[in-house]
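[1] here is a sequence together with a model predicted from it:
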Number of protein chains: 2
Amino acid sequence: MDDADFGESLATGQRSLGDTGLDYPLWPPLTSGCPRTSTPEVAYPLEVTYAYEALDPALFTPTAVPGGTGLERWAPLLPPLRAPGLGEGGTPLIGLGDGVYVKDESRNPTWSHKDRLNRVAVSAAIGAGAPGIVVASSGNHGASAAAYAARAGLRCVVLNATAPPAVRSFLRGYGAAVLPVTPDHTWALTTQLVERLGFHPVSNRTVTHTGHPFGPEGYKTIAYEIFLDLGVPEAVYVPTGYAETLFGVWKGFAELRALGLTTVVPRLYACEPAAGGPLHAALGAGTPAASVTVGTTDAYGIACPVGGYRGVHAVTESGGGALLVTDDEMRAARAELGRAGLWTELSAAAGLAGLRQRGGPPADGPVVVVSTSGGFKDRTTGAGEQPEPMDPSWGSVAAALREAGIDV
Amino acid sequence: MDDADFGESLATGQRSLGDTGLDYPLWPPLTSGCPRTSTPEVAYPLEVTYAYEALDPALFTPTAVPGGTGLERWAPLLPPLRAPGLGEGGTPLIGLGDGVYVKDESRNPTWSHKDRLNRVAVSAAIGAGAPGIVVASSGNHGASAAAYAARAGLRCVVLNATAPPAVRSFLRGYGAAVLPVTPDHTWALTTQLVERLGFHPVSNRTVTHTGHPFGPEGYKTIAYEIFLDLGVPEAVYVPTGYAETLFGVWKGFAELRALGLTTVVPRLYACEPAAGGPLHAALGAGTPAASVTVGTTDAYGIACPVGGYRGVHAVTESGGGALLVTDDEMRAARAELGRAGLWTELSAAAGLAGLRQRGGPPADGPVVVVSTSGGFKDRTTGAGEQPEPMDPSWGSVAAALREAGIDV
């Protein structure tokens, strides 16, 4: 049970993405974005800088580690991991054929990619000396934050009025205080919890999305794992809400390039619901971030009205693009994943939907689609009436089997 | 993405647990128990034998393997793995303190331990040349079988009239044909699907439980992983329905002892719902298996009216015991796991409930409790009305926080 030990965090500070010449100390985490470059219209996020020159190059060689070692496997290139872990990360790549691989993030401790972010963000809360955390979330992010807070002995307040029924149980399962607050009040209440109680915020507080400055660093480990298992793919397709995952995957590969471990970075494709798509809008308008009105979509996990600069940065720097995928395209992708043995949340199928929309097998090497979460979290899961028991005679059974396409 | 390669399966045949002097060929899998020792009252299962003398001893040294390598990591000591995998196994041990570790099986491809069994059982279906599989299951087993069947390109028929709503969605997510057949008809229909359509059965067909002869071999890998991560614990506490997991974990450690890698085997504690408990009843009566009437319990995943000889064998050979745990004890254990960052199905908390019932910290080394599945699968998940949005004034919020035990 000893952790793989490649040394302590090499994090040195925070750097503004609004002006990469602007550096700040590592503590405190700047949870309201870059104070100098942000304007009333656009907030710029921060990223974490590291003393790369001090890195033990053995970090990127395959190493025998105990099952569920967790993000400590990558401690030197993460902010300090002060919150105890739950064995997050280390998720498998599942082949779909034709050089397409699914990074199955439903295999994390709370069954979504968010655990990579929250291990890091709750660690920041501990580093900041906070008695608890506050998170506004429609589901996966809140439950994941609640799990890491519980494990660390911190209280967790989730602001959420719209979670699907099963997700409400999920949030309560970790002992979080869930307050049914409508979205128009969450920012003000987050600020009150921060200022009155000293709680640490692990979700967004700014007009365009900046989120937690340390959080996306956790997502870099997706890139590190893909690199160890597969090398550098041609492209990575990422379900995209606020583009924190997209940015993290890009940054992980960019670090590998800077470290001389690869000469290329995969193209990053942001896959947003066609009902919204703030990153697609920002790229189209040439702005650092955009707001949109979100129409009807069942992909509630990535239905964001506001984007952030991280997504623009990752797509532009990698030579990728932003794709709008419809609910029907996501449903088709989810069905394809089901036939491969993977049952996903509708939002999680956006990556494969984006790949299929572009069409054709990959030309220049393998591609990876990130599947962020499992099917239990969908609004439609559990819908429909309990069927009546059927007539068990062979005639009735045979008819039901034929209807299901089984030769009888 | 190359698999760790320690060689092919060393499986040599099937051996009766009713008379361990009775050996059968490996094929076909004897899915109706031992034909010679079984009686109208008690059916005896079979286990798989191996050419242990041909084993590469490097199998039990820590080895760097790609993420999600799956059961092929252990191929020599499993029946032939002919079904493609989903990166099953490799689950983490999460420490609770005081030498207690949770083996978090919710981290498998369909979020339960059943994936270890179904990788092996669906492989048997392929080896037997079947066009599909049939499974009678209340939930996890059926969905897991459906996932592996889908991935292998086999059809899957699930016989199930009582699944919770979310589990119905789960089963359909993999394209299975779900027939709402009441339990009194499932055996007869399983036999018809076997005899008329050549489908391979991956659930039980006998008067006391024998299940699939290859299936519990998959559970041995839980013991192998614990051994690599932690060594040999003092005891392992296992949520127990038909005792296939219990037997598999015992057999894995017994193999390690036979191979000279350890001198001791952990005590195996079967943790059954107090509302039923066929293994507890069999051990009390000194019989190879027992049937009981199951009362009311929310631990539907392990509420079995009939036991099998595997459980008696594992408990007796390991010097362990059978514990009856109440729903209240399981709820308390589930809450304790939630505070540690793990949200489990009620049945999955039976192992920790059993440990806490016995009391005190472990005396002679670490103990492991197996947590079989995540909280999304419970009948009570998603119950309750959507709360009304709350008054967002600080006064109301502060009152809600105080009610949740947060200092304001």
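    Yep, it's here.

[2] quick one: average confidence on the helix or strand where A:Arg196 lies?
    In this structure, A:Arg196 is located in helix A:183-197 according to DSSP states H and E. Mean pLDDT, helix A:183-197: 94.

[3] tell me the pLDDT at A:Gly68?
    72.

[4] next one: A:Val207
    The model's pLDDT for A:Val207 equals 94.

[5] surely it is in a strand?
    No - read with DSSP: H, G, I helix; E, B strand; the rest coil, A:Val207 is coil and lies in no strand.

[6] what does it show for phi and psi?
    phi -60, psi -40 (degrees, to the nearest 10).

[7] nearest spatial neighbour of it, skipping sequence neighbours?
    Among residues not flanking A:Val207 along the chain, A:Ala43 sits closest, at 5.5 Å (CB to CB, 6 or more residues apart in numbering or on different chains). Yep, even glycine has a C-beta here, placed from its N, CA and C like the rest.

[8] after the lowest-mean-pLDDT helix or strand in chain A, next one along is what?
    Lowest by mean pLDDT, DSSP states H and E among the helices and strands of chain A is helix A:165-172, with a mean of 88. Per DSSP H and E, the first helix or strand lying C-terminal to helix A:165-172 is strand A:177-179.

[9] pairing partners for that next one, with directions?
    The pairing partners recorded for strand A:177-179 under DSSP bridges are strand A:155-159 (parallel).

[10] off-centre distance for the strand it pairs with?
    Taking CA atoms, centre = their mean, to the nearest Å, one finds the center of strand A:155-159 at 19 Å from the center of the full chain.

[11] kindly format the C-alpha coordinates of it as PDB.
    Output of strand A:155-159 as PDB, limited to C-alpha atoms (Å, rounded to 0.1, in the frame of the first residue of the first chain):
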ATOM      1  CA  ARG A 155     -17.900  19.900   5.700                       C
ATOM      2  CA  CYS A 156     -19.400  20.400   2.200                       C
ATOM      3  CA  VAL A 157     -22.300  22.600   1.100                       C
ATOM      4  CA  VAL A 158     -23.800  21.900  -2.300                       C
ATOM      5  CA  LEU A 159     -26.000  24.600  -3.900                       C
END
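
[12] got the domain boundaries for chain A?
    Domains of chain A are assigned by automatic domain parsing as A:114-201, A:215-377.

[13] with distance to B:Pro35 and mean neighbour count as added columns, please give the ones you listed in JSON lines.
    As requested, those are exported to JSON lines (distance: least, CB to CB, whole Å; neighbours: other CB atoms under 10 Å in any protein chain shown):
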{"stretch": "domain A:114-201", "distance to B:Pro35": "45", "mean neighbour count": "24"}
{"stretch": "domain A:215-377", "distance to B:Pro35": "33", "mean neighbour count": "23"}
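
[14] now for the residue nearest to A:Val207, how many residues are close by?
    For A:Ala43, the tally of surrounding residues (other CB atoms under 10 Å in any protein chain shown) stands at 26.

[15] next, it: secondary structure please.
    A:Ala43 ends up coil, using three-state DSSP.

[16] ok, now how distant is it from A:Leu189?
    19 Å (CB to CB, to the nearest Å).

[17] what inclination does the least confident helix or strand of chain A have with respect to helix B:165-173?
    Relative orientation of helix A:165-172 and helix B:165-173, computed by axes from the mean of the first three to the mean of the last three CA atoms, to 10 degrees: 110 degrees.

[18] so does helix A:165-172 get close to chain B?
    Yes - using CB under 8 Å from any CB of the partner chain, helix A:165-172 reaches chain B at A:Pro165, A:Ala166, A:Arg168, A:Ser169, A:Phe170.

[19] show me the contacts for the closest residue to A:Leu71 other than its chain neighbours.
    Setting aside the residues directly before and after it, A:Leu71 is nearest to A:Arg119 in space (CB to CB, 6+ apart), at 5.1 Å. Listed by CB atoms under 8 Å, 6 or more residues apart in numbering or on different chains, the contact set of A:Arg119 reads A:Gly70, A:Leu71, A:Leu81, A:Ala83, A:Gly85, A:Leu86, A:Glu88, A:Tyr148, A:Gly218.

[20] next: A:Gly132.
    Residues near A:Gly132 by CB under 8 Å, 6+ apart: A:Ala125, A:Ala149, A:Leu154, A:Arg155, A:Cys156, A:Val157, A:Leu197, A:Phe199, A:His200, B:Ile406.

[21] show me which of the residues you listed is closest to B:Val181.
    A:Cys156 (43.1 Å; CB to CB).

[22] what's across from the closest one in the sheet?
    Taking DSSP bridges as the rule, A:Cys156 bridges to A:Ile133.
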